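Visitor: Turn this into a structure:
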Amino acid sequence: MSSSTPTHSRQKIREALLKRLMDKTIAGDQVFSSYSLPTWAEQLPVVLIYAQSEQIEERSQAPRELRRNLFLSVECIADGDDNADMESRLDILSEQVEQLISSDDSLDCTVDDIILTSVEFQYEDGGETQTPIGSVRMAFNAKYRDFMPKNMVSCDEFKTGHIDWDLAQKGEIDGVIDAEDEISLNKD
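Guide: The predicted model follows:
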């Protein structure tokens with residue numbers, strides 16, 4: 001991506017979440033903006049941050065303001081020596097994540113509000129030979145606004161307008177200009 005390409009608000013929000021969680025939980029630096037476990041992840045626990053969907057509502061037309069609800073997942077994945085140990089690590093990690101996100105509900109001014117909306121659990125029993133692994137997927141609604149278009153189209157500034165008035169009777173057009181006006185919007 002070139003440096004002149006604007007960054008979408010969703011990316012800024014994911015980056016703010018990443019910054020907020022990095023090295024502040026039992027996952028340490030194992031926090032990724034990804035929907036799948038990266039191959040370079042060194043160990044569990046890890047935290048994954050990814051977008052699920054976005055709902056958009058028009059708030060105003062001039063300028064066009066869009067109210068956005070970005071539904072994000074923050075997924076905590078942990079293992080343990082047994083099921084109880086794994087569940088305990090998941091509870092600790094998910095509590096840390098929830099507390100860190102709720103401590104700044106503007107995510108460094110990238111959103112108007114962010115709130116936890118649901119939590120899902122998934123477990124894989126390690127059986128006799130493997131370590132049990134579980135995940136807690138927390139769904140957050142990040143509310144923010146965007147204005148369209150972001151980069152204004154270059155056009156000539158409206159400075160003056162000329163108006164011709166034909167004051168003919170209703171339904172008639174006589175083609176005679178009865179009055180003229182010049183409207184100036186100069187700021188001088």
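
Visitor: Strands of this protein, start to end?
Guide: Applying DSSP state E to the chain gives strands spanning 31-32, 46-61, 64-79, 113-124, 133-148, 160-165, 179-184.

Visitor: Distance of the residue nearest to residue 173 when sequence neighbours are not counted relative to residue 179?
Guide: The shortest distance from residue 173 to any non-neighbouring residue, by CB to CB, 6 or more residues apart in numbering, is to residue 166 (6.5 Å). C-betas here are computed from N, CA, C, even on glycine. Using CB to CB, to the nearest Å, residue 166 is found at 9 Å from residue 179.

Visitor: Which one's more surrounded, these two?
Guide: Taking other CB atoms under 10 Å, residue 166 and residue 179 do not tie; residue 166 has more neighbours (12 against 9).

Visitor: backbone phi and psi for that one, please?
Guide: Phi and psi for residue 166, reported as degrees, to the nearest 10, are phi -110, psi 110.

Visitor: where's it relative to residue 182, distance?
Guide: Separation of residue 166 from residue 182 (CB to CB): 17 Å.

Visitor: Report the residue spans of the chain with pLDDT below the cut-off.
Guide: 1-6, 38-42, 126-129, 149-158, 171, 186-188 (pLDDT under 70).

Visitor: Show me which positions of the longest helix that it contains end up buried.
Guide: In the chain, ranked by residue count with DSSP state H as the criterion, the top helix is helix 83-102. Of the residues in helix 83-102, 86-87, 89-90, 93-94, 96-98, 101 count as buried by neighbour count, 16 or more other CB atoms under 10 Å.
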